[in-house]
Every structure is written in C-alpha cells, then in structure tokens.
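Participant: Sequence first, predicted model second:
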Amino acid sequence: MRHNVVLIGFMGTGKTVVGRALASRLRWPFVDTDALVEQRAGRSIPRIFAEDGEATFRRLEADVVAAVGESQGMVIATGGGVVLNRDNMARLRRNGVIVALRAGVHAILARLDGDGDRPLLGADPEGSIRRLLTERGPLYEDADLVVDTSLARADDTVRVIEMFATTWRGRSGDASPPGAGSMAERVVRVATRSRGYDVRIGRGLIGDIGDHLRGLGMTGRIAVLTHPRLEGLYGDRVTSSLRAAGYEAVTVTVPPSETSKSLRAANRLYDRLLEARLDRGSVLVVLGGGVAGDLGGFVAATFLRGIAWAAIPTTLLAQVDAAIGGKTAVNHSRGKNLVGAVHQPVLVVSDIDTLGSLPLREMQSGMAEVIKTGVIGSPGLFSYLEDGLKAVLRRDPDALATVVARCAAYKAGVVTSDEREEAGRIVLNYGHTIGHGIEAAAGYRGLTHGEAVAVGMTLEGRLAVRMGVCDAVSMERQAALLRGAGLPVRVADLRTRHRPSAGAIAAAMALDKKARAGRLRFVLPVEVGRTVVRDDVPATLVEEVLGDA
C-alpha cells in the first residue's frame, strides 16, 4: 500500500488524535496541514486570521496541500476547511484514500470546550458549527470512507480506517494507484456498540458478496432470502459469488407484498432454514427491499436465538434507510412493525445498479426517505435535491450514489449515537407517526410506505407551522420537492381504493410505538436540517390537520 490516508472532517471530529494513532500503527509519517501552515507562517492560525484574514490562510493552506499531496505512504490530517477548495481535494485524491470523520454538534461542542481560540466560531459556537456543517457537510460526505466518531473510541476508529485503507483497491476498482476511472466504491462505517459494520455503496457490488463475507470470517451455511422477481434478476450472481467463496447456499423466496411481514411468514421461513440445516454459525443474506429486510432481519434475530445476516438492499428506500440500523420487525393485525427486534447486520451492500430495475413507483417511494433525511438533518442534501432532482429520478449513477452515500452517512451517525431509539434516533421517525397510521388504517393495501410517509411529512409539517415551530416557507420547499418526486402530499392524493378516513388514521396512531404514557410524540421540523420532538401537540389540532387532508 503506497497511497496516503487523508483525514478530512470538521474541527473536533478527532482527525489529529486518530491520525497520530493510525500513523503509529502503520509506521508511517504523520502530517497535520494546520501545523505545517503555522510552521511556514511563523504564526498561529488565530493570528493569521486576525492579522491577514481567512483568504491569506486559505492560500497558505493550498500551498501546503500541494506539497503533501505529492507524497506517498503518509497519514495526513487536514484542516476543516480544506474541502472548500476543489484543487485541494484533487491533489489529495491523486495519491490518497479520503477518509471523513464526522460527529454530532453536541459532541463537537464538548470536545472544543476550552480548546483555545477558534476564529471561525465567534460568539455563538453552536450556531456557527451548525452553519458551517450545513455548508461543508456534503463535501465531507464525498469521501471513500465515512466514520462517525461521536461515541466511538479512537482505537476503534483507527482499526476501521486501517482495515479499509490496507484493502482499498483504488477508484478504478483495481490494484492500481488512485486516479481517474469508474465510480469509486464508497464505504460508510456504522459503529454501534453491539456490532460495527460497513455499508458499501457502488456499482456491480453484488458479485463481491461471497468475498466480503469470507473476509468477515463467516464460515457456516448460507441462506439467501429474496423475492421471485429478484431471484430471476440477481439470484444467480449472488449464489455464484457465495459458492465461489466456498459456501453452501440455498435460496428461499417470499412474495414482495407487505403481507409477507407476518409471524406466519416468519414461521415458514424458520422451517426452510431448519430444512437447510442452518446452525448458529450460519448467515442469512437478504436480497430485496424493506419487506425482505424487515422479515429477514427479524428471522435472523430470533432463529436459534440469533444468527448473522447481511443485507443487499435493492430499493432506494432500503438503500438510504431501511437496511441501515438493525431495526427489524413484522406487522401485527393492530399495527405496523409491532413485533420486532434490533439486530444489526454484519454487512450492507448497496449496489446502485439494482436500482435500474426498480419500478418507477418504488423509486418515487424511496425518494420520500431521501427528502426526509434532508429535512431532519442534512440541509446540504436538501439543496442538492432542489438542484438535481431530475438527475436522481432518471437514475443517473453518480447522482444515485451521492444520494445513497449521504443518506447512509447521516443515518450511520444517528444510529451510532442511539442504537436502540432511546434518545436521538427518534428523529428518523419524522413523517412516520401519521404515515404509519395511514398505512395501518388502509390495511397496508394499495399504497407504498414512501407515499404514506410523504403525506405524513406534509401533515406533521403543517402541525409544526400551526404551532409556530416552523415557518411556512420551509414546508412549501418540502412540499415542492415531494411533488417533484411524484409523491402525494394529501390523503386525497393517495392512489388506493382503500383511502382511510381521518378517524381511522387517528385510531391507528393511538397504537404508535413511540407513544409514552399515552401521549404521542411528534418529530416536528424547525427549519430544513433541524427538528424538535414534542409530546404536547393538542389532539384537537391533530384532528383538524387530518380532517383537512
């Protein structure tokens, strides 16, 4: 391995600490571009800012990057703003694998408390951090590997980066040095306490599943759970990859409808796994969208008290949301996802090419979760969609990879901080309190999950506006994106003969899993990129909003 390892990310994400430790493990030189700037200028960075301004600092920084970018076999920690200059990143990519470290706002604040003069933070550090992360977040996420360090120990982060960097094949997909070539495979690390795993994003990745599982030390028999149509499209490639890696593999299919998410279907699957002689060392590979993922993950969590599972999500909704985070469940007659478990996969492989065979309605459904991610915590993604929605909808591979990677990086950070939805993970449920009520009231017939969530986002946004939590303009932007993606924004817009009444939706919402002490908790937008959780939404207001829908 002769390339550099280049660490990018916001201040306080751990670049210097992680960089020094990684360099020590690799026995490579360590370089901090900020330290080199200070050395060349003979002054501290705060003094450079104060005496000559930010523009002078950025010129000095670019000179340093041009020099270190020509090196090989170094660990390079960069300043938080190095990503703002495209030439900087081109030079660093020429001989380097780019690793982005990310952390939540409060984790960054805690680490920077008392840590000297930070000229870009000013008198309102939290506000400045949020503003700068909005500006730079998409640039950080355009990395070869993204690792959330909010709760991760430095040693764990170092091991993840070392494993990735020492096996990295370059951006052209071969063993040659990094450079121009086909789309880079992007990797997002989900570093939960129970199990850390990679989300691999790129083109043509299905054929690597066997090698990846072998690299993770999986040795038992493997069952592949999928739907009949997907077995015809991709089944041979998956099983051939598994068998080439030395595995015995059997395929089990279930219908793709929501009715497959049931205890009855789970019981039939248990029978098939027993017939195939799977044991506690076996792996269940799930090839499909949210239905297969929820059912397969639930079965893996409960079969023989838990076996390993890997996800190959084939829908946009699953790639950006459902396959990440380990939440698995089947439905109950009285509500959606009422019987389930949190059971993290060992690997997620998001092959962008599988989205080419996705029906238009399913593609549009997945866009609801993409737009949701932008609203709750990724304003850069939201702006990207406002400018590039058409490219995503026509399935441009680069646009799809960008969207999937940004959503995966955001969700990985949330899941890392709150694996079991005990605190911050509830933010992911924006639009779902009403959306799940719509699905249950419609009997899960005639509409997709994304369509229900799109209406739920619109109505929950309307609650926020009427309560004075959010401005109307932000919600108009949200509605415009939803409509542009071909999604409904009213119950009356749903394409189903089983359109539920306001009373039926309210009754289904009363069974929502997020309710505490009989009170519904709503995730309400404050602005694009920020939300608040409220349990004081008046029932009369909910009834009014549902009645107007």
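Facilitator: The structure has been received and is ready for your questions. Numbers count the residues shown, from 1 in each chain.
Participant: going forward, measure contacts and count neighbours with C-alpha atoms only.
Facilitator: Fine.
Participant: Does M475 lie in a helix or a strand, and which?
Facilitator: Taking DSSP states H and E as the definition, M475 sits inside helix 472-484.
Participant: Which residues does that helix contact?
Facilitator: Around helix 472-484, the neighbours that count as contacts under CA atoms under 8 Å, 6 or more residues apart in numbering are 367-368, 371, 375, 385-386, 389, 454, 458, 461-462, 465, 488-489, 527-528.
Participant: which one of those has the most neighbours?
Facilitator: Counting neighbours by other CA atoms under 10 Å, A454 leads those with 32 neighbours.
Participant: what's the spacing between it and A90?
Facilitator: 38 Å (CA to CA, to the nearest Å).
Participant: A245: how many residues sit nearby?
Facilitator: Neighbour count for A245, taken as other CA under 10 Å: 17.
Participant: What's the separation between it and T239?
Facilitator: When CA to CA is the yardstick, A245 and T239 sit 10 Å from each other.
Participant: what about the closest residue to S350 other than its chain neighbours, which SS state?
Facilitator: In space, and not counting its chain neighbours, S350 is closest to I201: 4.8 Å by CA to CA, 6 or more residues apart in numbering. Secondary structure assignment for I201 (DSSP: H, G, I helix; E, B strand; the rest coil): strand.
Participant: which residues touch I201?
Facilitator: 185-187, 349-352, 401, 404-405.
Participant: before we move on, the earlier item: list the buried residues for the helix holding M475?
Facilitator: For helix 472-484, the neighbour count (16 or more other CA atoms under 10 Å) marks 472, 474-475, 478-479, 481-482, 484 as buried.
Participant: ok, so of those, who is nearest L263?
Facilitator: Set against L263, the nearest of those by CA to CA is L482 (33.6 Å).
Participant: So what's the predicted local confidence for the closest one?
Facilitator: Looking at L482, its pLDDT reads 97.
Participant: again with A175
Facilitator: Checking the pLDDT column for A175, the value is 34.
Participant: Also L139?
Facilitator: We note a pLDDT of 86 for L139 in this prediction.
Participant: What sits closest to it if chain neighbours are left out?
Facilitator: Once its chain neighbours are removed from consideration, L139 has its nearest residue in V83; the separation is 6.2 Å (CA to CA, 6+ apart).
Participant: swap in A266?
Facilitator: Distance criterion CA to CA, 6+ apart; nearest residue to A266, sequence neighbours excluded, is V299 at 6.2 Å.
Participant: Next, the buried residues of the helix or strand just after the helix holding M475.
Facilitator: If you walk from helix 472-484 toward the C-terminus, the next helix or strand you reach (DSSP H and E) is helix 502-509. Neighbour-count burial for helix 502-509 flags 502, 505-506, 508-509 (criterion: 16+ other CA under 10 Å).
Participant: Need these in a markdown table (columns: distance to L22 and pLDDT).
Facilitator: Formatted as a markdown table, the entries for the buried residues of helix 502-509 read as follows, by distance: CA to CA, whole Å; pLDDT from 0 to 100:
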| residue | distance to L22 | pLDDT |
| --- | --- | --- |
| A502 | 57 | 92 |
| I505 | 53 | 94 |
| A506 | 53 | 92 |
| A508 | 51 | 89 |
| M509 | 49 | 90 |
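Participant: quick one on the thing from earlier: and the residue nearest to L139, how many neighbours does it have?
Facilitator: 21.
Participant: Angles on the backbone of it, please.
Facilitator: According to degrees, to the nearest 10, the main-chain angles of V83 amount to phi -70, psi -10.
Participant: give the contact list for it.
Facilitator: Contacts for V83 were tallied using CA under 8 Å, 6+ apart; they are 8, 89, 136, 139-140.
Participant: any idea which helix or strand carries T134?
Facilitator: Taking DSSP H and E as the criterion, the element that holds T134 is helix 125-141.
Participant: And that helix, what does it pack against?
Facilitator: Using 3 or more CA pairs under 8 Å, 6 or more residues apart in numbering; DSSP states H and E as the contact test, the elements touching helix 125-141 are helix 105-112, helix 379-393, helix 397-417.
Participant: nearest to F49, of these?
Facilitator: Across the helices and strands packed on helix 125-141, F49 has its closest neighbour in helix 105-112 (18.4 Å, CA to CA).
Participant: Could you check the angle the closest one makes with helix 397-417?
Facilitator: For helix 105-112 and helix 397-417, the angle between their directions (axes from the mean of the first three to the mean of the last three CA atoms, to 10 degrees) works out to 70 degrees.
Participant: what angle do helix 105-112 and helix 125-141 make?
Facilitator: Inter-element angle recorded for helix 105-112 and helix 125-141: 110 degrees (by the same axes, to 10 degrees).
Participant: name the helices or strands packed onto helix 105-112?
Facilitator: In terms of contacts (3+ CA pairs under 8 Å, 6+ apart), helix 105-112 is packed against helix 125-141.
Participant: Buried residues of the helix it packs on, list them for me.
Facilitator: Taking 16+ other CA under 10 Å as the neighbour-count basis, helix 125-141 is seen to contain the buried residues 125, 129-130, 132-134, 136-141.
Participant: With stretch 210-223 instead?
Facilitator: By neighbour count, and taking 16+ other CA under 10 Å as the criterion, the buried residues in stretch 210-223 are 210-213, 218, 220-223.
Participant: Doesn't D512 lie inside a helix?
Facilitator: No: per three-state DSSP, D512 lies outside any helix segment and is coil.
Participant: Next up, the contacts around it.
Facilitator: 335, 433, 436-437, 520.
Participant: ok, now E141?
Facilitator: 100, 405-406, 409.
Participant: In JSON lines: those residues, plus neighbour count.
Facilitator: Compiled in JSON lines, the contacts of E141 are given as follows (neighbours: other CA atoms under 10 Å):
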{"residue": "A100", "neighbour count": "23"}
{"residue": "A405", "neighbour count": "30"}
{"residue": "R406", "neighbour count": "27"}
{"residue": "A409", "neighbour count": "27"}
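Participant: Setting aside sequence neighbours, what's the nearest residue to G202?
Facilitator: With CA to CA, 6+ apart as the criterion, G202 has its nearest non-adjacent residue at 4.6 Å, and that residue is E185.
Participant: pLDDT wise, what is G170 at?
Facilitator: Taking G170 on its own, its pLDDT is 61.
Participant: Please enumerate the strands of the stretch 201-350 of the chain.
Facilitator: For the stretch 201-350 of the chain, applying DSSP state E, counting those that start in this stretch gives strands covering 222-226, 249-253, 283-288, 308-313, 327-332, 335-342, 347-351.
Participant: Please read the previous query as pertaining to the stretch 51-200 of the chain.
Facilitator: Counting by DSSP E, counting those that start in this stretch, one finds strands in the stretch 51-200 of the chain at the ranges 75-77, 96-102, 145-148, 186-191, 196-202.
Participant: Output the third one in CSV with nothing but the alpha carbons.
Facilitator: Coordinates of each C-alpha in strand 145-148 appear next as CSV, following Å, rounded to 0.1, in the frame of the first residue of the first chain:
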residue,chain,number,x,y,z
LEU,A,145,-14.9,6.1,3.8
VAL,A,146,-17.1,8.0,6.3
VAL,A,147,-16.7,7.2,10.1
ASP,A,148,-18.8,8.7,12.8
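Participant: show me what contacts the residue lying closest to P228 once chain neighbours are set aside?
Facilitator: Distance criterion CA to CA, 6+ apart; nearest residue to P228, sequence neighbours excluded, is T253 at 5.9 Å. T253 makes contact with 225-228, 231, according to CA under 8 Å, 6+ apart.
Participant: In a markdown table, list the residues you listed along with distance to L269 and neighbour count.
Facilitator: Below are the contacts of T253 laid out as a markdown table (distance: CA to CA, whole Å; neighbours: other CA atoms under 10 Å):
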| residue | distance to L269 | neighbour count |
| --- | --- | --- |
| L225 | 9 | 24 |
| T226 | 11 | 27 |
| H227 | 13 | 22 |
| P228 | 15 | 14 |
| E231 | 16 | 20 |
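Participant: Return the member of those nearest to L546.
Facilitator: L546 lies nearest to H227 out of the contacts of T253, by CA to CA, at 35.3 Å.
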